[in-house]
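Asker: Sequence plus the predicted model coming up.
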Amino acid sequence: MTTNCPKCNGEMDEGRASTGEEIRYVSNRQTGMMRTATLVRRARACLTCGYVELFLDPAELKKKI
């Protein structure tokens, strides 16, 4: 399945983000001292303009906020 870029309509390449460690997301809606991060599981990058999207499991995030 080919996905088109929301910015330029170019072809998106599916993959994952990598920085040597896992990329995690912390919601500003979490309160208190113990905020729990959600793992970013996949990514897409546009082959034309370079736009990048990151995706996490929304059910996992909803449990934390």
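Answerer: Received the coordinates, thanks. Numbers count the residues shown, from 1 in each chain.
Asker: hey, what's the closest residue to T2 other than its chain neighbours bridged with?
Answerer: The shortest distance from T2 to any residue other than its chain neighbours is 6.1 Å, reached at E11 (C-beta to C-beta, 6 or more residues apart in numbering). All C-beta atoms are positioned from the backbone trio N, CA, C, and that covers glycine. Note on E11: beta-bridge partners N4, judged by DSSP bridges.
Asker: Help me confirm that E11 comes into contact with R44.
Answerer: No: using C-beta atoms under 8 Å, E11 is not in contact with R44; the gap is 10.0 Å.
Asker: shared neighbours, these two?
Answerer: T3 (C-beta atoms under 8 Å, 6 or more residues apart in numbering).
Asker: Distance of the residue nearest to T2 relative to R42?
Answerer: Look at E11 and R42: by C-beta to C-beta, to the nearest Å, they are 17 Å apart.
Asker: picking up where we left off before, higher neighbour count, E11 and R44?
Answerer: Per other C-beta atoms under 10 Å, whichever of E11 and R44 has more neighbours is R44, with 18 against 13.
Asker: From the chain's centroid, how far away is the helix or strand of the chain with the lowest mean pLDDT?
Answerer: One helix or strand of the chain scores below all others by mean pLDDT, DSSP states H and E: strand 24-25, with a mean of 87. Between the centre of strand 24-25 and the centre of its host chain there is 8 Å, according to C-alpha atoms, centre = their mean, to the nearest Å.
Asker: What strands line up against that strand, and which way round?
Answerer: Applying DSSP bridges, strand 24-25 is found paired with strand 38-46 (antiparallel).
Asker: The partner strand: which residues count as buried?
Answerer: Across strand 38-46, burial judged by 16 or more other C-beta atoms under 10 Å covers 38, 40, 43-46.
Asker: Wasn't K62 part of a helix?
Answerer: Yes: applying DSSP: H, G, I helix; E, B strand; the rest coil, one finds K62 inside a helix.
Asker: So what's the residue count around it?
Answerer: K62 has 10 neighbouring residues, counting by other C-beta under 10 Å.
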